[in-house]
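Participant: Coordinates for the following, if possible.
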Amino acid sequence: MSFQNPVFIPGPTNIPESIRKACDMPTLDHRSPAFGAMFKPAVAGVRRVLKMTEGEVILLPSTGTGGWEAAITNTLSAGDTVLAARFGMFSHRWIDMCQRHGLNVQIIDVPWGQAAPIAQIEAALRADVQGKIKVVLATHNETATGVRSDIAGIRAALDAAGHDAMLFVDGVSSIASMPFEFDAWGVDIAVAGSQKGFMLPAGLAILGVSPKALAAMDSATLPRCFFDFRDMLKSYAAGGYPYTPSVGLIAGLSHSIALLEGEGLEAVYARHHRLAEGVRRAVAAWGLQICATDPATASDTVTAVVVPAGKCGTELAQLAATKYGVAFGVGLGEVAGKVFRIGHLGMLTDVMVLSGLATAEMCMADLGWDIPLGSGVAAAQDYFRADQTALRQAAE
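Facilitator: You can find the predicted model right below:
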């Protein structure tokens, strides 16, 4: 693998040089006022990215998976019921984690490639006349299949059913790359990770926690220690941590948010949509399909490309890595071998994405796939050129 080439996996993402330098800092006493002066702006910045006005932002030395665990252990007790749709590897893994913690998971299985089924979620909530369901788990962006679910629609289902369950959202591969509305969507816990849209190294779980979820800590009895929100919030009040924090990553997080807000969050989201659409145009030009069965649910951060019959997506990803030094994502779980994944989030531009598409085409040609060299690149070029023209005209 070449460090000169960008990666096209859905995380960890490419790290801007200025963020890398922001993380590279001398040792700082994390119990000193200097740390508090660094920490508080990072928390405030996350709040702005989430569009969150109440509750608490919690930064844990972990990853998104640790954020999932913190969400459930701080708010639930063994035997509690949660409702979750399973439509990809990451929605499955959160379900598996809940089951390992002794929770009763009511699972709605849908084919991989579809989004969270809002009508079925609403029906399950309406059927729960005793109010046993404590939480609805929602994966905003299913990274395995490149499918985005409608979180506002799930909130509307909760409201229509008149159900009091909390709404927990896995936003690991969506937050800071696609629109996220903590307040407007009535989210109770949002989970993100440093290594995706925030463009940092892995190592921080980033959570937004609503007042309702904070109140649930009083009755929750699942064991927690390292991830205990109560310890974190007690230390936060004094500007610190109950243990050693990831100081360099927190410094980098502040800089990351400065970059995102410098570009403008709406511009960040528009850029991700443009890059994703360019990739989708390329896939269509190759004569292939994306894994998302409904184009309206296609992700703006990762595209899972369905490979031709008799071909293997894992072989393409392996060839790209060994021959061209470029990383693509392999298929996971039920779509292993059936897709390869092109990540297009974080620090990426039109030009960088074109290089990834060109590499994918070379690999297809090397593997004997019937894909004309340049076809997908040309389709993306046409789209990017027209879109940039429209952007310039709008600015004028």
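Participant: can you count the residues close to the closest residue to residue 104 other than its chain neighbours?
Facilitator: Using CB to CB, 6 or more residues apart in numbering and skipping the chain neighbours, the partner closest in space to residue 104 is residue 81 (4.5 Å). Quick note: C-beta positions are derived from backbone N, CA and C, even for glycine. Neighbours of residue 81 under the rule other CB atoms under 10 Å: 18.
Participant: For residue 81, give me its contacts.
Facilitator: Residue 81 makes contact with 103-106, 128, 132-134, according to CB atoms under 8 Å, 6 or more residues apart in numbering.
Participant: And residue 211, what's its pLDDT?
Facilitator: For residue 211, the pLDDT comes out at 98.
Participant: Just to check, it is in contact with residue 53?
Facilitator: No: counting by CB atoms under 8 Å, residue 211 sits too far from residue 53 to count as a contact (10.6 Å).
Participant: by contact count, what packs against the host helix or strand of residue 134?
Facilitator: Using DSSP states H and E, residue 134 sits in strand 133-139. Helices and strands touching strand 133-139, by 3 or more CB pairs under 8 Å, 6 or more residues apart in numbering; DSSP states H and E, are strand 81-86, helix 89-100, helix 118-127, helix 151-161, strand 166-170.
Participant: 7 Å instead?
Facilitator: Counting contacts by 3 or more CB pairs under 7 Å, 6 or more residues apart in numbering; DSSP states H and E, strand 133-139 is packed against strand 81-86, helix 89-100, helix 151-161, strand 166-170.
Participant: for that strand, which positions count as buried?
Facilitator: Using 16 or more other CB atoms under 10 Å as the test for burial, strand 133-139 gives 133-139.
Participant: Can you report phi and psi for residue 185?
Facilitator: Backbone torsions of residue 185, given as degrees, to the nearest 10, read phi -90, psi 0.
Participant: Based on its surroundings, how many neighbours for it?
Facilitator: Applying other CB under 10 Å, we find 21 residues neighbouring residue 185.
Participant: what's the answer for the one 4 residues further on, then?
Facilitator: Other residues near residue 189 number 31, with proximity taken as other CB under 10 Å.
Participant: got a pLDDT number for it?
Facilitator: Reported pLDDT for residue 189: 98.
Participant: same question, residue 108
Facilitator: As predicted, residue 108 sits at a pLDDT of 98.
Participant: Any idea which residue is closest to the centre of the chain?
Facilitator: Nearest residue to the geometric centre of the chain (CA atoms, centre = their mean): residue 173, 1.3 Å.
Participant: separation between residue 369 and residue 304?
Facilitator: The gap separating residue 369 from residue 304 is 17 Å, by CB to CB, to the nearest Å.
Participant: mind listing what's buried in stretch 283-296?
Facilitator: Neighbour counts over stretch 283-296 (16+ other CB under 10 Å) mark 283, 285-286, 288-293 as buried.
Participant: Actually, stretch 293-308.
Facilitator: For stretch 293-308, burial by neighbour count (16+ other CB under 10 Å) applies to 293, 297-307.
Participant: okay, and for the stretch 251-396 of the chain, where does confidence drop off?
Facilitator: In the predicted model, the stretch 251-396 of the chain carries pLDDT under 70 at residues 389-396.
Participant: show me where it has helices.
Facilitator: Under the criterion DSSP state H, counting those that start in this stretch, the stretch 251-396 of the chain contains helices at 265-285, 313-319, 350-366, 375-395.
Participant: Please identify which of these is closest to residue 99.
Facilitator: Among those, the nearest to residue 99 by CB to CB is helix 313-319 (28.0 Å).
Participant: pretty sure residue 196 contacts residue 9?
Facilitator: No: Residue 196 is not in contact with residue 9 according to CB atoms under 7 Å; the separation is 10.5 Å.
Participant: And those two? Which one has more around it.
Facilitator: Neighbours per residue, other CB under 10 Å: of residue 196 and residue 9, the larger number sits with residue 196, 29 against 20.
Participant: so what's that one up against?
Facilitator: 11, 13, 172-173, 177, 345-346 (CB atoms under 7 Å, 6 or more residues apart in numbering).
Participant: what do you get if the cut-off is 8 Å, keeping everything else the same?
Facilitator: 10-13, 64, 172-173, 175-177, 301, 345-346 are the contacts of residue 196 under CB under 8 Å, 6+ apart.
Participant: And residue 155, by the same measure?
Facilitator: 167, 185-187.
Participant: and what of residue 78?
Facilitator: By CB under 8 Å, 6+ apart, the neighbours of residue 78 are 101-103, 221-222.
Participant: and the gap between it and residue 144?
Facilitator: Residue 78 sits 29 Å away from residue 144, going by CB to CB.
Participant: again, but for residue 373
Facilitator: Distance, residue 373 to residue 144, using CB to CB: 29 Å.
Participant: can you check residue 358 too?
Facilitator: Distance, residue 358 to residue 144, using CB to CB: 25 Å.
Participant: more neighbours, these two?
Facilitator: Comparing residue 358 with residue 144 by other CB under 10 Å, the one with more neighbours is residue 144, at 29 against 18.
Participant: Skipping adjacent residues, who's closest to residue 15 in space?
Facilitator: residue 199 (5.8 Å).
Participant: Tell me how many other residues crowd the one you found.
Facilitator: Using other CB under 10 Å, residue 199 has 28 other residues around it.
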